[in-house]
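>>> got a predicted model here, sequence first, then my questions.
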Amino acid sequence: QVQLVESGGGLVQAGGSLRLSCAASGRYAMGWFRQAPGKEREFVASIAWIGTSTDYADSVQGRVTISRDNAKNTVYLQMNRLQPEDTAVYYCAAKVGWNSMSRLESSYNYWGQGTQVTVSS
């Protein structure tokens, strides 16, 4: 069983930045998803094991960067110019099939518990 542990969430003012981390051992493609209150969970970004292939949701393109350090078994989500609509619980997920990314929740095999990000206006 793969254990994913997110960290780095918190409260930030609009326009600020946060970096989320997800510790995950093993060779997986990784994704970040988020779920805002009253909404369904949605895709944010994904990265292949090699790390040179990434994908972003249109809503965060240009403001968010996903990266990974495989030596540290950690995936990062750098979020800049945060807005109140970015408020959500952010989840990292791991996908078997380590070099193929996906935007689909159903493609991911393991999930973290989530970390809260709150952006105040």
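Cool, got the structure.

>>> residues near Val12, how many?
17 (other Cβ atoms under 10 Å). Backbone N, C-alpha and C define where each C-beta goes, glycine included.

>>> and it, how far is that from Ser120?
7 Å (Cβ to Cβ, to the nearest Å).

>>> tell me what the spatially most central residue of the chain is bridged to.
By Cα atoms, centre = their mean, the chain has its centre lying nearest to Trp32, at 2.4 Å. Going by DSSP bridges, Trp32 is paired in beta bridges with Ala45, Cys92.

>>> try Leu20
Leu77.

>>> what sits against it?
Glu6, Ser7, Gly8, Gly9, Trp32, Tyr76, Leu77, Met79, Tyr90, Cys92, Thr115, Val117 (Cβ atoms under 8 Å, 6 or more residues apart in numbering).

>>> equivalent analysis for Thr118, please.
Taking Cβ under 8 Å, 6+ apart, one finds Gly10, Leu11, Val12, Thr87 in contact with Thr118.

>>> now the buried members of those residues.
When burial is judged by neighbour count using 16 or more other Cβ atoms under 10 Å, the buried members of these are Val12, Thr87.

>>> among the contacts of Thr118, which are located in strands?
With DSSP state E as the criterion, strands contain Gly10, Leu11, Val12 from among these.

>>> make TSV out of those residues and add distance to Asp58 and pLDDT.
Shown next, in TSV, are these (distance: Cβ to Cβ, whole Å; pLDDT from 0 to 100):
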residue	distance to Asp58	pLDDT
Gly10	25	97
Leu11	26	98
Val12	22	98
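
>>> which one of the residues you listed is nearest to Ser107?
Nearest to Ser107 among those is Gly10, at 28.6 Å by Cβ to Cβ.
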